[in-house]
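Q: Sharing a model prediction with you, sequence too.
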Amino acid sequence: MEATFSAEIVVYGGTAAGVMAAVQSARLGRTVALLEPGQHFGGISVEGLGSSDIDNHKEFKNGSAVGGLAKEFYKKIGAEYAKDSPVYRFESSIAERVIQKLLNHPKITLFRGARLKENRGVTKQGTQIIQIHTENNKTFTGKIFIDATIEGDLLNASGVTMFNGREGNAKYGETKNGIRAENTYRQFAVRVDPYRTPGSSRSGVIPTIQDEPLGNPGEGDSRIQGYCFRLCLTDNPQNLLPFTKPDGYDPATYEIYRRYVRAGGKLWKPSANLPHRKTDLGSWHDLSANLYGMNHAYPTGSYTVRTQVYQEHLHFTQGLLWFLANDRDLPDDLRSEWSRWGVCQDEFTDNGGYPRQFYVREARRMVSDYVLTEHHTRRKEQIPVHDPVCLSYWPPDTHHVRRIIRDGAAYNEGFVFGGDDWAAFGISYQSLVPRRNECTNLITPTCLSSTHVAYGAIRLEWTFMCLGQSAAMAASLALAGNISVQAVDYPTLRQQLLQVGQVLELPPSPVESTVEGA
(Lines give C-alpha, C1' and ligand atoms only; values in the text may rest on other atoms or scores of the structure.)
Protein backbone atom coordinates (compact mmCIF):
# COMPACT_ATOMS: atom_id res chain seq x y z
CA MET A 1 0.00 0.00 0.00
CA GLU A 2 1.33 3.40 -0.95
CA ALA A 3 1.95 6.11 1.65
CA THR A 4 0.80 9.57 0.57
CA PHE A 5 2.63 12.81 1.28
CA SER A 6 1.52 16.32 0.50
CA ALA A 7 3.45 19.54 -0.04
CA GLU A 8 2.78 22.81 -1.80
CA ILE A 9 5.88 22.35 -3.96
CA VAL A 10 7.26 18.94 -4.91
CA VAL A 11 10.83 18.99 -6.24
CA TYR A 12 11.94 15.87 -8.09
CA GLY A 13 15.71 15.56 -8.28
CA GLY A 14 18.21 16.34 -5.54
CA THR A 15 20.67 18.03 -7.88
CA ALA A 16 22.23 21.37 -6.97
CA ALA A 17 19.28 22.98 -8.76
CA GLY A 18 16.81 20.85 -6.81
CA VAL A 19 18.47 21.72 -3.53
CA MET A 20 18.30 25.46 -4.22
CA ALA A 21 14.70 25.19 -5.39
CA ALA A 22 13.78 23.47 -2.13
CA VAL A 23 15.70 25.93 0.05
CA GLN A 24 14.22 29.00 -1.65
CA SER A 25 10.69 27.56 -1.51
CA ALA A 26 11.07 26.91 2.21
CA ARG A 27 12.40 30.41 2.86
CA LEU A 28 9.28 31.75 1.19
CA GLY A 29 7.20 29.81 3.68
CA ARG A 30 6.17 27.03 1.31
CA THR A 31 6.07 23.38 2.31
CA VAL A 32 8.45 21.36 0.18
CA ALA A 33 9.01 17.69 -0.56
CA LEU A 34 12.46 17.12 -2.08
CA LEU A 35 12.71 13.73 -3.78
CA GLU A 36 16.06 12.21 -4.68
CA PRO A 37 16.16 8.96 -6.68
CA GLY A 38 19.50 8.08 -5.06
CA GLN A 39 20.78 8.55 -1.53
CA HIS A 40 22.69 11.84 -1.70
CA PHE A 41 21.58 15.42 -2.24
CA GLY A 42 23.66 17.82 -4.30
CA GLY A 43 24.10 16.06 -7.62
CA ILE A 44 27.49 16.20 -9.31
CA SER A 45 28.56 18.97 -6.89
CA VAL A 46 28.87 16.26 -4.23
CA GLU A 47 30.00 13.61 -6.71
CA GLY A 48 33.45 14.84 -7.67
CA LEU A 49 32.94 18.12 -9.48
CA GLY A 50 34.82 20.39 -7.10
CA SER A 51 35.95 22.93 -9.71
CA SER A 52 33.15 25.37 -10.31
CA ASP A 53 34.18 27.14 -13.52
CA ILE A 54 33.94 30.51 -11.80
CA ASP A 55 36.67 33.12 -12.27
CA ASN A 56 39.09 30.40 -13.28
CA HIS A 57 40.32 31.89 -16.56
CA LYS A 58 42.28 35.02 -17.25
CA GLU A 59 40.39 35.69 -20.49
CA PHE A 60 37.14 36.51 -18.65
CA LYS A 61 35.74 36.62 -15.13
CA ASN A 62 32.23 35.30 -14.69
CA GLY A 63 31.92 35.50 -10.91
CA SER A 64 29.90 38.68 -11.28
CA ALA A 65 27.03 36.57 -12.68
CA VAL A 66 26.83 34.37 -9.58
CA GLY A 67 24.18 35.63 -7.20
CA GLY A 68 21.53 34.60 -4.72
CA LEU A 69 21.72 31.16 -3.15
CA ALA A 70 24.56 30.11 -5.44
CA LYS A 71 26.73 32.89 -4.04
CA GLU A 72 25.62 31.96 -0.52
CA PHE A 73 26.59 28.34 -1.17
CA TYR A 74 30.13 29.25 -2.21
CA LYS A 75 30.49 31.59 0.75
CA LYS A 76 29.43 28.78 3.07
CA ILE A 77 31.99 26.53 1.38
CA GLY A 78 34.56 29.21 2.14
CA ALA A 79 33.52 29.30 5.78
CA GLU A 80 34.14 25.54 6.02
CA TYR A 81 37.74 26.30 5.05
CA ALA A 82 37.90 29.27 7.46
CA LYS A 83 37.83 31.75 4.57
CA ASP A 84 35.93 35.03 4.56
CA SER A 85 35.29 34.89 0.82
CA PRO A 86 33.63 32.42 -1.56
CA VAL A 87 35.63 29.30 -2.39
CA TYR A 88 35.13 27.76 -5.81
CA ARG A 89 37.36 24.68 -5.46
CA PHE A 90 36.25 22.27 -2.78
CA GLU A 91 35.97 18.67 -1.68
CA SER A 92 32.74 16.78 -2.38
CA SER A 93 32.37 15.86 1.28
CA ILE A 94 32.52 19.54 2.23
CA ALA A 95 29.90 20.43 -0.39
CA GLU A 96 27.61 17.72 0.93
CA ARG A 97 28.03 19.03 4.47
CA VAL A 98 27.04 22.55 3.38
CA ILE A 99 24.05 21.24 1.43
CA GLN A 100 22.84 19.22 4.40
CA LYS A 101 22.92 22.38 6.52
CA LEU A 102 21.01 24.35 3.88
CA LEU A 103 18.34 21.65 3.71
CA ASN A 104 17.90 21.58 7.47
CA HIS A 105 14.68 23.60 7.40
CA PRO A 106 11.34 22.79 9.03
CA LYS A 107 9.46 23.38 5.77
CA ILE A 108 11.56 20.83 3.83
CA THR A 109 10.96 17.09 3.97
CA LEU A 110 13.65 14.96 2.36
CA PHE A 111 12.98 11.66 0.60
CA ARG A 112 15.86 9.43 -0.46
CA GLY A 113 15.49 6.48 -2.81
CA ALA A 114 12.38 8.11 -4.25
CA ARG A 115 12.68 7.25 -7.92
CA LEU A 116 9.72 7.95 -10.18
CA LYS A 117 7.90 4.85 -11.36
CA GLU A 118 8.81 4.08 -14.93
CA ASN A 119 5.20 3.37 -15.82
CA ARG A 120 2.27 5.42 -14.56
CA GLY A 121 4.50 7.55 -12.39
CA VAL A 122 2.36 10.66 -12.92
CA THR A 123 -1.35 11.25 -12.38
CA LYS A 124 -2.69 14.24 -14.32
CA GLN A 125 -6.04 15.94 -14.53
CA GLY A 126 -6.14 17.90 -17.75
CA THR A 127 -2.92 19.90 -17.87
CA GLN A 128 -2.34 19.67 -14.11
CA ILE A 129 -0.15 17.12 -12.35
CA ILE A 130 -2.11 15.88 -9.34
CA GLN A 131 0.26 13.24 -7.99
CA ILE A 132 3.52 11.52 -8.72
CA HIS A 133 4.33 7.96 -7.66
CA THR A 134 7.71 6.53 -6.75
CA GLU A 135 9.12 3.03 -6.84
CA ASN A 136 9.34 2.86 -3.04
CA ASN A 137 5.53 2.95 -2.79
CA LYS A 138 5.10 6.62 -2.03
CA THR A 139 2.66 9.05 -3.59
CA PHE A 140 3.29 12.78 -3.56
CA THR A 141 0.51 15.32 -3.96
CA GLY A 142 1.46 18.90 -4.75
CA LYS A 143 0.30 22.13 -6.30
CA ILE A 144 3.49 22.95 -8.22
CA PHE A 145 6.11 20.44 -9.35
CA ILE A 146 9.72 21.14 -10.26
CA ASP A 147 11.74 18.68 -12.37
CA ALA A 148 15.32 19.28 -11.26
CA THR A 149 16.77 16.10 -12.76
CA ILE A 150 19.28 16.22 -15.59
CA GLU A 151 17.39 13.41 -17.35
CA GLY A 152 13.98 15.14 -17.42
CA ASP A 153 12.09 12.08 -16.26
CA LEU A 154 9.20 13.95 -14.62
CA LEU A 155 8.80 16.18 -17.66
CA ASN A 156 8.75 13.18 -19.94
CA ALA A 157 6.28 11.24 -17.79
CA SER A 158 4.02 14.30 -17.70
CA GLY A 159 3.60 14.40 -21.46
CA VAL A 160 5.93 17.34 -22.07
CA THR A 161 7.65 17.41 -25.45
CA MET A 162 11.31 16.44 -25.11
CA PHE A 163 14.29 16.26 -27.46
CA ASN A 164 17.43 14.14 -27.26
CA GLY A 165 20.56 14.76 -29.30
CA ARG A 166 21.74 17.41 -31.71
CA GLU A 167 19.35 19.49 -33.78
CA GLY A 168 20.27 20.05 -37.39
CA ASN A 169 21.65 23.51 -38.09
CA ALA A 170 18.76 24.26 -40.42
CA LYS A 171 16.11 23.88 -37.70
CA TYR A 172 16.95 27.12 -35.88
CA GLY A 173 19.39 28.70 -38.30
CA GLU A 174 22.42 27.70 -36.23
CA THR A 175 25.99 27.06 -37.35
CA LYS A 176 27.48 24.98 -34.50
CA ASN A 177 24.87 22.26 -34.13
CA GLY A 178 24.54 18.83 -35.73
CA ILE A 179 27.39 16.81 -37.20
CA ARG A 180 30.60 18.82 -37.27
CA ALA A 181 32.34 19.07 -40.64
CA GLU A 182 35.70 19.56 -38.96
CA ASN A 183 36.85 19.26 -35.37
CA THR A 184 40.25 20.59 -34.39
CA TYR A 185 39.54 21.34 -30.72
CA ARG A 186 40.59 18.40 -28.52
CA GLN A 187 41.36 16.41 -31.62
CA PHE A 188 43.95 13.63 -31.48
CA ALA A 189 47.40 15.16 -31.16
CA VAL A 190 48.88 12.11 -32.89
CA ARG A 191 47.70 9.67 -35.53
CA VAL A 192 46.25 6.50 -33.97
CA ASP A 193 45.44 3.43 -36.05
CA PRO A 194 41.85 2.37 -35.19
CA TYR A 195 41.91 -1.24 -36.39
CA ARG A 196 42.48 -4.40 -34.34
CA THR A 197 45.07 -5.43 -36.88
CA PRO A 198 46.79 -2.16 -37.76
CA GLY A 199 46.06 -1.13 -41.31
CA SER A 200 43.35 -3.75 -41.83
CA SER A 201 39.81 -2.38 -41.89
CA ARG A 202 38.47 -5.94 -42.13
CA SER A 203 39.84 -6.79 -38.67
CA GLY A 204 37.34 -4.60 -36.84
CA VAL A 205 38.00 -1.64 -34.55
CA ILE A 206 39.65 -1.40 -31.16
CA PRO A 207 37.58 -0.44 -28.08
CA THR A 208 36.21 3.14 -27.70
CA ILE A 209 35.91 3.58 -31.48
CA GLN A 210 32.60 3.45 -33.35
CA ASP A 211 32.81 2.09 -36.89
CA GLU A 212 30.41 4.49 -38.56
CA PRO A 213 30.62 7.21 -41.21
CA LEU A 214 30.93 10.89 -40.41
CA GLY A 215 27.55 11.65 -41.97
CA ASN A 216 26.40 14.89 -43.52
CA PRO A 217 27.79 17.97 -41.76
CA GLY A 218 25.10 20.10 -40.16
CA GLU A 219 22.51 17.34 -39.97
CA GLY A 220 20.99 16.44 -36.61
CA ASP A 221 21.19 13.11 -34.80
CA SER A 222 20.43 11.49 -31.46
CA ARG A 223 23.98 11.66 -30.11
CA ILE A 224 24.93 13.52 -26.94
CA GLN A 225 28.23 14.65 -25.47
CA GLY A 226 30.42 12.19 -23.61
CA TYR A 227 30.15 11.42 -19.91
CA CYS A 228 32.91 10.74 -17.42
CA PHE A 229 33.56 10.48 -13.71
CA ARG A 230 34.91 13.55 -11.95
CA LEU A 231 37.50 11.58 -10.06
CA CYS A 232 38.60 12.63 -6.60
CA LEU A 233 42.09 11.22 -6.20
CA THR A 234 44.88 11.95 -3.75
CA ASP A 235 48.62 11.41 -3.41
CA ASN A 236 48.46 11.71 0.37
CA PRO A 237 49.58 8.29 1.68
CA GLN A 238 47.52 8.74 4.87
CA ASN A 239 44.30 9.17 2.87
CA LEU A 240 44.94 6.98 -0.14
CA LEU A 241 43.28 3.78 -1.32
CA PRO A 242 45.43 2.22 -4.08
CA PHE A 243 43.89 1.51 -7.44
CA THR A 244 42.73 -2.08 -7.72
CA LYS A 245 42.26 -4.25 -10.77
CA PRO A 246 38.50 -4.62 -11.34
CA ASP A 247 36.94 -8.02 -11.89
CA GLY A 248 36.93 -8.92 -15.57
CA TYR A 249 39.78 -6.53 -16.36
CA ASP A 250 40.97 -6.93 -19.95
CA PRO A 251 44.11 -4.99 -20.89
CA ALA A 252 43.04 -5.07 -24.55
CA THR A 253 40.27 -2.63 -23.65
CA TYR A 254 42.91 0.10 -23.38
CA GLU A 255 44.77 -0.56 -26.62
CA ILE A 256 44.02 2.94 -27.90
CA TYR A 257 46.00 4.40 -24.98
CA ARG A 258 49.02 2.22 -25.84
CA ARG A 259 48.94 3.25 -29.47
CA TYR A 260 48.52 6.90 -28.52
CA VAL A 261 51.65 6.80 -26.36
CA ARG A 262 53.64 4.87 -28.97
CA ALA A 263 52.73 7.52 -31.53
CA GLY A 264 54.20 10.20 -29.26
CA GLY A 265 51.05 11.35 -27.48
CA LYS A 266 51.16 12.60 -23.88
CA LEU A 267 48.44 11.21 -21.65
CA TRP A 268 46.84 13.35 -18.98
CA LYS A 269 47.98 13.09 -15.37
CA PRO A 270 46.41 14.01 -12.01
CA SER A 271 47.37 17.08 -10.03
CA ALA A 272 46.20 18.31 -6.64
CA ASN A 273 43.85 21.12 -7.63
CA LEU A 274 41.56 20.85 -4.57
CA PRO A 275 42.23 21.30 -0.85
CA HIS A 276 43.95 18.54 1.13
CA ARG A 277 45.92 17.15 -1.80
CA LYS A 278 42.86 16.06 -3.78
CA THR A 279 41.86 16.27 -7.42
CA ASP A 280 38.83 17.04 -9.46
CA LEU A 281 40.18 15.02 -12.36
CA GLY A 282 38.05 16.10 -15.27
CA SER A 283 38.13 14.75 -18.82
CA TRP A 284 38.09 17.08 -21.81
CA HIS A 285 41.29 16.00 -23.53
CA ASP A 286 41.75 14.27 -26.86
CA LEU A 287 42.17 11.00 -24.96
CA SER A 288 41.31 10.68 -21.27
CA ALA A 289 38.31 9.19 -19.45
CA ASN A 290 35.56 10.72 -21.59
CA LEU A 291 33.90 7.74 -23.26
CA TYR A 292 32.69 9.32 -26.46
CA GLY A 293 29.84 7.46 -28.09
CA MET A 294 29.39 4.99 -25.25
CA ASN A 295 26.50 6.79 -23.53
CA HIS A 296 23.94 7.29 -26.27
CA ALA A 297 21.53 4.77 -24.77
CA TYR A 298 21.42 6.61 -21.43
CA PRO A 299 19.09 9.64 -21.84
CA THR A 300 16.05 7.77 -23.15
CA GLY A 301 16.92 4.37 -21.70
CA SER A 302 15.09 2.46 -19.00
CA TYR A 303 16.45 2.50 -15.47
CA THR A 304 18.04 -0.87 -16.20
CA VAL A 305 19.77 0.50 -19.28
CA ARG A 306 20.99 3.56 -17.40
CA THR A 307 22.42 1.45 -14.63
CA GLN A 308 24.20 -0.65 -17.23
CA VAL A 309 25.71 2.45 -18.88
CA TYR A 310 26.85 3.74 -15.48
CA GLN A 311 28.42 0.38 -14.60
CA GLU A 312 30.18 0.19 -17.96
CA HIS A 313 31.67 3.64 -17.41
CA LEU A 314 32.67 2.78 -13.85
CA HIS A 315 34.30 -0.52 -14.81
CA PHE A 316 36.12 1.10 -17.72
CA THR A 317 37.37 3.95 -15.52
CA GLN A 318 38.54 1.67 -12.70
CA GLY A 319 40.36 -0.45 -15.24
CA LEU A 320 41.88 2.62 -16.88
CA LEU A 321 43.35 3.82 -13.58
CA TRP A 322 44.83 0.37 -12.95
CA PHE A 323 46.16 0.31 -16.51
CA LEU A 324 47.82 3.71 -16.24
CA ALA A 325 49.53 2.77 -12.99
CA ASN A 326 50.61 -0.75 -13.94
CA ASP A 327 50.72 -1.60 -17.64
CA ARG A 328 54.28 -2.40 -18.73
CA ASP A 329 53.68 -1.08 -22.22
CA LEU A 330 53.45 2.44 -20.85
CA PRO A 331 56.50 4.66 -20.17
CA ASP A 332 58.06 4.24 -16.74
CA ASP A 333 57.59 7.89 -15.82
CA LEU A 334 53.87 7.76 -16.63
CA ARG A 335 53.31 4.61 -14.59
CA SER A 336 55.40 5.98 -11.76
CA GLU A 337 53.34 9.15 -11.58
CA TRP A 338 49.97 7.40 -11.66
CA SER A 339 51.17 4.89 -9.07
CA ARG A 340 51.54 7.69 -6.53
CA TRP A 341 47.81 8.32 -6.60
CA GLY A 342 44.70 6.55 -5.40
CA VAL A 343 41.08 7.21 -4.53
CA CYS A 344 40.37 8.99 -1.25
CA GLN A 345 39.48 7.13 1.92
CA ASP A 346 37.25 9.99 3.09
CA GLU A 347 35.27 10.55 -0.12
CA PHE A 348 32.37 8.43 -1.42
CA THR A 349 32.84 6.05 1.48
CA ASP A 350 29.73 4.08 0.52
CA ASN A 351 31.06 3.36 -3.00
CA GLY A 352 34.69 2.37 -2.55
CA GLY A 353 36.04 5.87 -3.14
CA TYR A 354 34.29 6.33 -6.50
CA PRO A 355 31.46 8.82 -7.15
CA ARG A 356 27.96 7.38 -6.98
CA GLN A 357 27.06 9.34 -10.12
CA PHE A 358 28.93 10.02 -13.30
CA TYR A 359 28.86 13.39 -15.03
CA VAL A 360 25.73 13.47 -17.16
CA ARG A 361 26.62 16.58 -19.09
CA GLU A 362 23.45 16.46 -21.17
CA ALA A 363 20.38 14.29 -21.61
CA ARG A 364 16.84 15.10 -22.79
CA ARG A 365 15.80 18.73 -23.07
CA MET A 366 12.32 20.20 -23.02
CA VAL A 367 10.89 21.81 -26.15
CA SER A 368 8.55 24.65 -25.22
CA ASP A 369 7.18 27.69 -27.01
CA TYR A 370 10.48 29.50 -26.36
CA VAL A 371 13.76 27.81 -27.32
CA LEU A 372 17.18 29.17 -26.42
CA THR A 373 19.51 28.74 -29.39
CA GLU A 374 22.99 29.59 -30.60
CA HIS A 375 21.66 33.05 -31.48
CA HIS A 376 21.26 33.84 -27.78
CA THR A 377 24.90 32.97 -27.10
CA ARG A 378 26.37 35.16 -29.80
CA ARG A 379 28.47 38.21 -29.10
CA LYS A 380 27.22 39.96 -32.24
CA GLU A 381 23.56 40.21 -33.25
CA GLN A 382 22.57 38.49 -30.03
CA ILE A 383 18.87 37.80 -29.55
CA PRO A 384 17.77 39.89 -26.56
CA VAL A 385 15.97 38.22 -23.66
CA HIS A 386 13.26 40.33 -22.06
CA ASP A 387 12.44 38.06 -19.11
CA PRO A 388 15.78 36.79 -17.72
CA VAL A 389 15.74 34.78 -14.51
CA CYS A 390 19.48 34.02 -14.50
CA LEU A 391 22.57 34.62 -16.58
CA SER A 392 24.61 32.17 -18.59
CA TYR A 393 28.22 33.30 -18.57
CA TRP A 394 30.16 30.56 -20.32
CA PRO A 395 30.83 29.73 -23.97
CA PRO A 396 28.86 27.00 -25.70
CA ASP A 397 30.61 23.91 -24.35
CA THR A 398 29.65 20.57 -25.85
CA HIS A 399 32.14 17.73 -25.68
CA HIS A 400 32.71 15.26 -28.48
CA VAL A 401 29.80 12.90 -29.01
CA ARG A 402 31.64 10.00 -30.64
CA ARG A 403 34.99 8.58 -31.74
CA ILE A 404 34.99 7.38 -35.32
CA ILE A 405 37.44 6.74 -38.15
CA ARG A 406 38.44 9.48 -40.54
CA ASP A 407 41.17 9.18 -43.15
CA GLY A 408 42.18 5.86 -41.62
CA ALA A 409 42.79 7.20 -38.09
CA ALA A 410 40.88 7.65 -34.83
CA TYR A 411 38.87 10.87 -34.90
CA ASN A 412 36.87 12.69 -32.21
CA GLU A 413 33.68 14.34 -33.48
CA GLY A 414 31.38 16.87 -31.91
CA PHE A 415 33.27 19.35 -29.69
CA VAL A 416 32.04 22.93 -29.72
CA PHE A 417 33.95 25.32 -27.51
CA GLY A 418 35.75 28.62 -27.10
CA GLY A 419 36.37 31.30 -29.67
CA ASP A 420 35.65 35.02 -29.44
CA ASP A 421 32.10 35.00 -30.79
CA TRP A 422 30.17 34.40 -27.57
CA ALA A 423 28.88 36.53 -24.71
CA ALA A 424 26.88 36.23 -21.52
CA PHE A 425 23.13 36.07 -22.04
CA GLY A 426 19.93 36.07 -20.04
CA ILE A 427 18.05 32.81 -19.63
CA SER A 428 14.38 33.42 -20.40
CA TYR A 429 11.73 32.40 -17.88
CA GLN A 430 9.70 31.06 -20.82
CA SER A 431 12.38 28.45 -21.43
CA LEU A 432 11.73 26.96 -17.97
CA VAL A 433 8.02 26.25 -18.48
CA PRO A 434 6.31 23.76 -20.83
CA ARG A 435 3.76 24.60 -23.46
CA ARG A 436 0.53 25.60 -21.79
CA ASN A 437 -1.44 22.78 -23.43
CA GLU A 438 1.00 20.16 -22.08
CA CYS A 439 1.38 21.04 -18.39
CA THR A 440 0.55 24.12 -16.34
CA ASN A 441 2.05 23.35 -12.92
CA LEU A 442 5.53 22.10 -13.83
CA ILE A 443 8.83 24.02 -14.09
CA THR A 444 12.36 22.83 -14.85
CA PRO A 445 15.66 24.55 -14.06
CA THR A 446 17.78 21.74 -15.53
CA CYS A 447 16.16 20.45 -18.74
CA LEU A 448 15.12 23.84 -20.02
CA SER A 449 14.04 24.46 -23.58
CA SER A 450 17.29 24.95 -25.46
CA THR A 451 19.24 23.48 -28.32
CA HIS A 452 22.28 21.27 -27.92
CA VAL A 453 24.57 24.25 -28.51
CA ALA A 454 22.80 26.68 -26.19
CA TYR A 455 22.50 24.07 -23.44
CA GLY A 456 26.28 23.72 -23.59
CA ALA A 457 26.55 27.31 -22.36
CA ILE A 458 23.97 26.81 -19.60
CA ARG A 459 24.85 23.47 -18.03
CA LEU A 460 27.25 24.65 -15.29
CA GLU A 461 26.46 23.84 -11.67
CA TRP A 462 26.33 27.45 -10.49
CA THR A 463 23.95 28.31 -13.32
CA PHE A 464 21.71 25.41 -12.33
CA MET A 465 21.73 26.69 -8.74
CA CYS A 466 20.57 30.12 -9.89
CA LEU A 467 17.90 28.58 -12.10
CA GLY A 468 16.69 26.37 -9.25
CA GLN A 469 16.22 29.41 -7.04
CA SER A 470 14.42 31.29 -9.79
CA ALA A 471 12.14 28.33 -10.49
CA ALA A 472 11.15 28.30 -6.81
CA MET A 473 10.38 32.02 -6.82
CA ALA A 474 8.14 31.56 -9.85
CA ALA A 475 6.46 28.52 -8.29
CA SER A 476 5.59 30.52 -5.19
CA LEU A 477 4.08 33.32 -7.27
CA ALA A 478 1.98 30.78 -9.17
CA LEU A 479 0.76 29.41 -5.87
CA ALA A 480 -0.02 32.84 -4.46
CA GLY A 481 -2.11 33.79 -7.47
CA ASN A 482 -3.59 30.33 -8.05
CA ILE A 483 -2.42 30.61 -11.65
CA SER A 484 -0.48 28.51 -14.12
CA VAL A 485 3.30 28.72 -14.20
CA GLN A 486 2.98 30.22 -17.69
CA ALA A 487 0.88 33.09 -16.28
CA VAL A 488 3.42 34.28 -13.70
CA ASP A 489 3.85 38.05 -13.95
CA TYR A 490 7.45 38.63 -14.99
CA PRO A 491 7.86 42.18 -13.58
CA THR A 492 6.84 40.86 -10.16
CA LEU A 493 9.13 37.86 -10.50
CA ARG A 494 12.00 40.08 -11.58
CA GLN A 495 11.57 42.35 -8.57
CA GLN A 496 11.61 39.40 -6.18
CA LEU A 497 14.65 37.84 -7.88
CA LEU A 498 16.61 41.06 -7.52
CA GLN A 499 15.60 41.25 -3.86
CA VAL A 500 17.24 37.87 -3.18
CA GLY A 501 20.40 38.86 -5.04
CA GLN A 502 19.95 37.18 -8.40
CA VAL A 503 22.01 38.69 -11.21
CA LEU A 504 19.89 39.27 -14.30
CA GLU A 505 22.02 41.50 -16.52
CA LEU A 506 25.64 42.24 -17.30
CA PRO A 507 27.01 44.70 -19.82
CA PRO A 508 28.43 42.96 -22.90
CA SER A 509 32.14 42.32 -22.56
CA PRO A 510 34.71 41.32 -25.17
CA VAL A 511 35.97 37.77 -24.86
CA GLU A 512 39.04 36.03 -26.12
CA SER A 513 39.00 32.51 -24.87
CA THR A 514 40.75 29.17 -25.08
CA VAL A 515 39.35 27.93 -21.78
CA GLU A 516 39.01 24.34 -20.64
CA GLY A 517 35.64 22.66 -20.99
CA ALA A 518 33.54 21.49 -18.08
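A: Perfect, I can see it now.
Q: Number of residues surrounding the nearest residue to residue 430 once chain neighbours are set aside?
A: Computed as CB to CB, 6 or more residues apart in numbering, the closest residue to residue 430 that is not its neighbour in sequence is residue 370, at 3.5 Å. Every C-beta, even on glycine, is put in place using the N, C-alpha and C of the backbone. Residue neighbour count, defined by other CB atoms under 10 Å, stands at 17 for residue 370.
Q: which residues touch residue 370?
A: Applying CB atoms under 8 Å, 6 or more residues apart in numbering to residue 370 gives the contacts 428, 430-431, 449.
Q: May I ask which of those residues has the most neighbours?
A: Among the contacts of residue 370, residue 449 has the most neighbours (other CB under 10 Å), with 27 neighbours.
Q: Verify the stated contact: that residue with residue 373.
A: No - the criterion here is CB atoms under 8 Å, and residue 449 misses it with residue 373 at 9.9 Å.
Q: SS state for the residue most central in space within the chain?
A: By CA atoms, centre = their mean, the chain has its centre lying nearest to residue 361, at 3.5 Å. The assignment at residue 361 comes out as coil when based on DSSP: H, G, I helix; E, B strand; the rest coil.
Q: From what I see, it and residue 226 are in contact.
A: Yes - using CB under 8 Å as the test, residue 361 is close enough to residue 226 to be in contact (7.4 Å).
Q: joint contacts of the two?
A: Any residue near both residue 361 and residue 226 by CB under 8 Å, 6+ apart counts here, and that gives residue 399.
Q: For the protein, which segments count as helices?
A: 16-27, 68-80, 92-102, 153-157, 169-172, 255-262, 303-326, 332-339, 374-377, 452-458, 461-481, 490-499 (DSSP state H).
Q: can you give me the strands in the stretch 151-300 of the chain?
A: Ranges of strands in the stretch 151-300 of the chain, per DSSP state E, counting those that start in this stretch, are 162-163, 233-234, 240-242.
Q: Would you mind saying which of those strands lies nearest residue 276?
A: strand 233-234 (7.5 Å; CB to CB).
Q: rewinding a little: go through the helices of the chain and name the closest to residue 249.
A: helix 303-326 (5.0 Å).
Q: average model confidence for that closest one?
A: Per-region confidence: helix 303-326 scores 98 on mean pLDDT.
Q: Buried residues of it, list them for me.
A: With burial defined by 16 or more other CB atoms under 10 Å, the residues of helix 303-326 counted as buried are 306, 309-310, 313-314, 316-325.
Q: Greatest separation within those residues: which pair is it?
A: The distance between the two most remote of the buried residues of helix 303-326 (CB to CB) is 29.2 Å, for 306 and 325.
Q: give me every residue that touches residue 140.
A: Per CB under 8 Å, 6+ apart, neighbours of residue 140: 4-7, 10, 33, 35, 111, 131-134.
Q: which one among these gets closest to residue 355?
A: residue 35 (20.5 Å).
Q: In contact with the residue lying closest to the closest one once chain neighbours are set aside, which residues?
A: Spatial nearest neighbour of residue 35, chain neighbours left out: residue 114 (4.0 Å); criterion: CB to CB, 6+ apart. For residue 114, the contacting residues are 35-37, 134-136, 138, by CB under 8 Å, 6+ apart.
Q: what about burial for those, which qualify?
A: Buried members of those, scored by 16+ other CB under 10 Å, are 35-37, 134, 138.
Q: possible to save these as TSV with pLDDT?
A: Formatted as TSV, the buried ones among the contacts of residue 114 follow (pLDDT from 0 to 100):
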residue	pLDDT
35	98
36	98
37	98
134	98
138	98
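Q: Restricted to strands, list the residues you listed.
A: With strands taken from DSSP state E, the overlap with the buried ones among the contacts of residue 114 comprises 35-36, 134, 138.
Q: What's the local residue count around the closest residue to residue 217 other than its chain neighbours?
A: Spatially, and ignoring its direct neighbours in sequence, residue 217 is nearest to residue 181 (3.5 Å; CB to CB, 6+ apart). Residue 181 sits with 10 neighbouring residues when counted by other CB under 10 Å.
Q: Looks like residue 181 contacts residue 218 (just checking).
A: Yes - taking contacts as CB under 8 Å, residue 181 lies within contact range of residue 218: 7.3 Å.
Q: Please identify every residue contacting each of those two.
A: Listed as contacting both residue 181 and residue 218 by CB under 8 Å, 6+ apart is no residue at all.
Q: Kindly state the pLDDT recorded for residue 58?
A: According to the prediction, residue 58 has pLDDT 86.
Q: ok, now residue 12?
A: pLDDT, residue 12: 99.
Q: What's the local residue count around it?
A: Neighbours around residue 12, by other CB under 10 Å: 31.
Q: is it in a bridge, and if so with what?
A: Beta-bridge partners for residue 12, by DSSP bridges, are residue 35, residue 147.
Q: Looks like it contacts residue 35 (just checking).
A: Yes - counting by CB under 8 Å, residue 12 does reach residue 35; the two are 5.0 Å apart.
Q: Find the residue closest to residue 117 in space, skipping its chain neighbours.
A: Residue 117's closest residue in space is residue 133 (CB to CB, 6+ apart), at 4.9 Å.
Q: re earlier: residue contacts, the nearest residue to the residue nearest to the centre of the chain once chain neighbours are set aside?
A: Nearest residue to residue 361 in three dimensions, chain neighbours excluded: residue 225, at 5.1 Å (CB to CB, 6+ apart). Residue 225 makes contact with 361-362, 398-401, 414, 456, according to CB under 8 Å, 6+ apart.
Q: on that earlier part again, buried ones among the contacts of residue 140?
A: 5, 7, 10, 33, 35, 111, 131-134.
Q: Output the residues you listed in CSV, with distance to residue 50 appended to each entry.
A: Conversion of the buried ones among the contacts of residue 140 to CSV gives the following (distance: CB to CB, whole Å):
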residue, distance to residue 50
5, 33
7, 31
10, 30
33, 29
35, 25
111, 26
131, 37
132, 32
133, 35
134, 30
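Q: if I look at the residue lying closest to residue 120 once chain neighbours are set aside, how far off is residue 151?
A: Nearest residue to residue 120, sequence neighbours excluded (CB to CB, 6+ apart): residue 133, at 6.8 Å. Distance, residue 133 to residue 151, using CB to CB, to the nearest Å: 17 Å.
Q: Could I get the phi/psi values of residue 114?
A: phi -110, psi 70 (degrees, to the nearest 10).
Q: measure it to residue 137 for me?
A: Residue 114 sits 10 Å away from residue 137, going by CB to CB.
Q: Residue 168 versus the residue nearest to residue 375 when sequence neighbours are not counted, what's the distance?
A: In this structure, residue 375 finds its nearest non-sequential neighbour in residue 383, 4.6 Å apart by CB to CB, 6+ apart. Distance check for residue 383 against residue 168: by CB to CB, it reads 19 Å.
Q: show me the contacts for the nearest residue to residue 335 once chain neighbours are set aside.
A: Leaving aside its sequence neighbours, residue 335 sits nearest to residue 325 (CB to CB, 6+ apart; 6.0 Å). Residue 325 makes contact with 243, 335, 338-339, 341 under the criterion CB under 8 Å, 6+ apart.
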